[in-house]
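Curious how this folds, go ahead:
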Amino acid sequence: VATRVLNGMLRIAVDFRGFGRSSAATADGCTLEEMAQDVYLLTRHLGIERFVYIGHSMGSAIGLRTAAAHPEAVVAGIGLAGLAAAGQPDDPAVIELLEGIQALQGNAGLIAEHMRGMFVHERVDQLVKVFAEDAALVGPGQFRAMSMGPEIFRDEHQRLVGAVRQPWMFLIPGRDSVVPPDRQLGTARDIPGARAVWLADEGHMLPQERPDLVAREIRFFLDGLY
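Modelled structure (predicted):
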């Protein structure tokens with residue numbers, strides 16, 4: 001975990017299980033609910049009683065589960081190109097992409113070539129390279145547990161949309177090749193009071209490719225809360 005105070009607000013960056021410096025993840029110990037509980041317990045450990053959650057892709061799905069399980073702690077949430085509450089469809093193209101990355105674990109150069117389609121803008125070669133180097137550090141077993149296990153395909157739509165009542169904003173990239181934009185939009189439409197921001201020309205790696213745009217939307221959303 002890394003913490004930083006910026007503009008009077010404490011920012012906390014969390015390494016989920018199997019990421020960064022966290023402990024290794026296994027298929028038996030890496031459910032979205034367990035990672036949501038990790039987030040909650042970390043905030044308790046840091047003495048933080050209420051917080052705004054921001055998550056990208058699978059991180060967005062973990063945020064929904066954190067909010068559903070601990071409504072007293074989560075003030076609001078933001079999902080960026082988030083895994084839908086209905087789970088990931090059995091899309092052959094996405095499965096091929098993820099299985100291809102898994103087969104190349106440890107080889108950053110080949111992973112970069114394989115992942116290039118997740119980025120939609122030009123002149124991002126260095127960004128793709130850095131992202132692939134980070135991805136290559138995740139072991140094959142851990143990667144499969146996190147990205148190919150049954151968790152991301154499980155439909156939790158009915159349970160989650162009935163439990164998440166906090167203000168929520170979803171940034172939905174119209175050119176997302178990993179999580180279908182229509183599924184992301186379906187989650188946003190069914191959560192009471194949620195705000196959906198449709199970004200037609202953006203892709204799944206929205207936070208990495210367009211950090212200024214993401215920061216602007218987050219600030220606008222947070223200004224409306226306080």
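
Which of the residues in the strand or helix carrying Gln158 are classified as buried?
Using DSSP states H and E, the element containing Gln158 is helix 157-163. Residues of helix 157-163 classed as buried: His157, Leu160, Val161 (neighbour count, 16 or more other C-beta atoms under 10 Å). C-beta: built from backbone N, CA, C; applies to glycine.

From the residues you listed, pick the one nearest Ile12.
Taking C-beta to C-beta as the measure, Ile12 sits nearest to Leu160 out of the buried residues of helix 157-163, at 22.9 Å.

any low-confidence regions in this structure?
Confidence mapping of the chain against pLDDT under 70 gives the ranges 1-8, 18, 20-29, 141-142, 144-149.

ok, which stretches of this structure are strands?
2-6, 9-13, 51-56, 74-80, 168-173, 195-199 (DSSP state E).

Name the strands paired with the longest one and say parallel or antiparallel.
It stands for strand 74-80. strand 51-56 (parallel), strand 168-173 (parallel) (DSSP bridges).

Dump the ones you listed to JSON lines, plus mean neighbour count and distance to Gly139.
Listed next are these as JSON lines, based on neighbours: other C-beta atoms under 10 Å; distance: least, C-beta to C-beta, whole Å:
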{"stretch": "strand 51-56", "mean neighbour count": "21", "distance to Gly139": "21"}
{"stretch": "strand 168-173", "mean neighbour count": "24", "distance to Gly139": "28"}
